[in-house]
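Trainee: A structural model of the following input is requested.
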Amino acid sequence: MAKAFEGHVLTCSAADCSYNDDRCCSAPAIEVGSDHPMCDTYTTAPVQRAAIEPAISDCSIGECAFNTAHACHAAAVTMMPHAGHADCGTFRMA
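Mentor: Okay, here's the model as predicted:
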């Protein structure tokens, strides 16, 4: 079941990410990159998973339709695998 936070539902299909907990993200916060909608929080290193639902703490993809002043306003967010990392599958051009 996807986790809900700040109006979002966050799912993750990047199975190799250390924060992936049964297709739900357990990172303390999520950052989305500046040159393309890459999940900068993605890692395969050992991590301590958060006990609370994550928030998208910063989205630097200014051309995304859901981005207002570095804050994500999408109703649902899905991270998905892409070329050795994870990308925001919810990204839509403004």
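Trainee: got any ranges where the protein has weak pLDDT?
Mentor: 1-9 (pLDDT under 70).
Trainee: Near Asn20, how many other residues are there?
Mentor: A count of nearby residues for Asn20, using other C-beta atoms under 10 Å, gives 20. Where you see a C-beta, it was placed from the backbone N, CA and C, and this is true even at glycine.
Trainee: could you measure it against Ser26, distance?
Mentor: 8 Å (C-beta to C-beta, to the nearest Å).
Trainee: On the three-state scheme, Arg49 is what?
Mentor: Under DSSP: H, G, I helix; E, B strand; the rest coil, the three-state class of Arg49 is coil.
Trainee: what's the burial count for it?
Mentor: 13.
Trainee: shared neighbours, Asn20 and Ser26?
Mentor: Between them, Asn20 and Ser26 share no contacting residue under C-beta atoms under 8 Å, 6 or more residues apart in numbering.
Trainee: Having no further points to raise, I will conclude here.
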